[in-house]
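Chemist: this is a predicted model, with the sequence first.
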Amino acid sequence: MIALVVSGSWASPAFADISGFNSLIDWTYKQADSGSPASIPNANTVRLTNAGSFESRAVWYNTPQTFANFLVSFTYQSQGAAGCGSNDFGVAFVLHNNVNGLNAVAPSGGGDGYGYYLITTSAAVTLQARSNASGYFTNGSFGGGGANPVAPVTLLSGRPINVTLSYNGSILTQTLVDSVTSATFSTNYIATNMTAALGGGSTAYVGITGSTTCNAGTDQYLSNFQYTSVPEPSGLALLGIMGLAVRRRRIG
């Protein structure tokens, strides 16, 4: 790819890999429970779980994406009961290279649709609505600690929560912002193990999983999804040199 030089500077190519849910045309939907399937209120919004108990669902973008450096954002909204029992429920942003590929889905019964060790070769950031917490996990190892309370943000408030995750190859930064009250939670996760957790390659499937528990009756909405893979600094420098060389040859 040749970078273009404009007014003495070079313009990098766009690296926006995924933009919106697009009515799931470019996505694969999987469901482990027997309840009513997810619905699409509009082209950019997915109601991943609904009034049923023990739901477990996933949506995966059909094309694997690079993950060495990335920025992802989406809006999460949960409307419903607080559930029961000890199992948590909520959603998780997941990267995976599981052998099941686009068919990967955790069993029903909680775990944010990610836990119980079935979506292995993976890395995820959970939004645990029942316990109002969040954490970074790998290989489906949900639970057993590792989650942080996200107060003053309240995941079960019914208000849209804007979620941002940025990864620079070692640190995964998470920010949650209540779109109504502006309450904000931010934290960093040490994620130097992400490449190994994803099998040592450079690409992975990108998606969102979700679950409910007993008597949860929780509508969980996802919207405004964006995933951008960012070139590493060395790659940016190389693109700049290529652009300068092309410009010089054309001038000469």
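Modeler: Structure's in. What do you need?
Chemist: check the spacing between the residue nearest to residue 53 when sequence neighbours are not counted and residue 35 real quick.
Modeler: Among residues not flanking residue 53 along the chain, residue 214 sits closest, at 5.1 Å (Cβ to Cβ, 6 or more residues apart in numbering). Just so you know, the C-beta spots here come from the backbone N, C-alpha and C atoms, and that holds for glycine as well. Residue 214 sits 13 Å away from residue 35 when distances are taken as Cβ to Cβ, to the nearest Å.
Chemist: who has more neighbours, the two?
Modeler: residue 35 (18 against 15; other Cβ atoms under 10 Å).
Chemist: look up how far residue 95 lies from the closest residue to that one other than its chain neighbours.
Modeler: Spatial nearest neighbour of residue 35, chain neighbours left out: residue 52 (3.1 Å); criterion: Cβ to Cβ, 6+ apart. Distance of residue 52 to residue 95, computed by Cβ to Cβ: 27 Å.
Chemist: looking at the two, which one has more neighbours?
Modeler: Neighbours per residue, other Cβ under 10 Å: of residue 52 and residue 95, the larger number sits with residue 95, 25 against 16.
Chemist: quick one: contacts for residue 59?
Modeler: Contact partners of residue 59, counting by Cβ atoms under 8 Å, 6 or more residues apart in numbering, are 21, 24, 27, 28, 29, 30, 38, 46, 48, 207, 208.
Chemist: need the residues touching each of residue 214 and residue 35.
Modeler: Common neighbours of residue 214 and residue 35 (Cβ under 8 Å, 6+ apart) are 53, 54.
Chemist: correct me, but residue 102 touches residue 96?
Modeler: No: contact between residue 102 and residue 96 fails when scored by Cβ atoms under 8 Å: they sit 10.1 Å apart.
Chemist: so between the two, which is more surrounded?
Modeler: residue 96 (29 against 18).
Chemist: OK, contacts around the nearest residue to the more buried one once chain neighbours are set aside?
Modeler: Once flanking residues are discounted, residue 96 sits nearest to residue 122: 3.6 Å by Cβ to Cβ, 6+ apart. The contact partners of residue 122, by Cβ under 8 Å, 6+ apart, come to 94, 95, 96, 97, 98, 114, 138, 139, 140, 197, 198, 204.
Chemist: which residues does the last one form beta bridges with?
Modeler: In this entry, residue 204 is beta-bridged to residue 65, by DSSP bridges.
Chemist: do you know the pLDDT at it?
Modeler: Listed pLDDT for residue 204 reads 97.
Chemist: do the same with the second one
Modeler: pLDDT for residue 95: 98.
Chemist: cool, the fifth one as well?
Modeler: Reported pLDDT at residue 98 in the predicted model: 96.
Chemist: not counting its neighbours along the chain, what's nearest it?
Modeler: Closest to residue 98 by Cβ to Cβ, 6+ apart is residue 104, at 4.5 Å.
Chemist: how about residues contacting the strand or helix carrying residue 28?
Modeler: Using DSSP states H and E, residue 28 sits within strand 27-31. Residues from elsewhere that reach strand 27-31, judged by Cβ under 8 Å, 6+ apart: 21, 37-38, 55-62, 102-105, 207.
Chemist: in its sheet, what does that strand sit against?
Modeler: strand 56-61 (antiparallel).
Chemist: do a quick rundown of the helices in the stretch 51-200 of the chain.
Modeler: 194-197 (DSSP state H, counting those that start in this stretch).
Chemist: bridging residues for the most centrally placed residue in the chain?
Modeler: Residue closest to the average C-alpha location in the chain (Cα atoms, centre = their mean): residue 93, at 2.9 Å. Under DSSP bridges, the beta-bridge partners of residue 93 are residue 125, residue 208.
Chemist: still on that earlier bit, is it true that the residue nearest to residue 53 lies in a helix?
Modeler: No: going by DSSP: H, G, I helix; E, B strand; the rest coil, the assignment for residue 214 is coil, not a helix.
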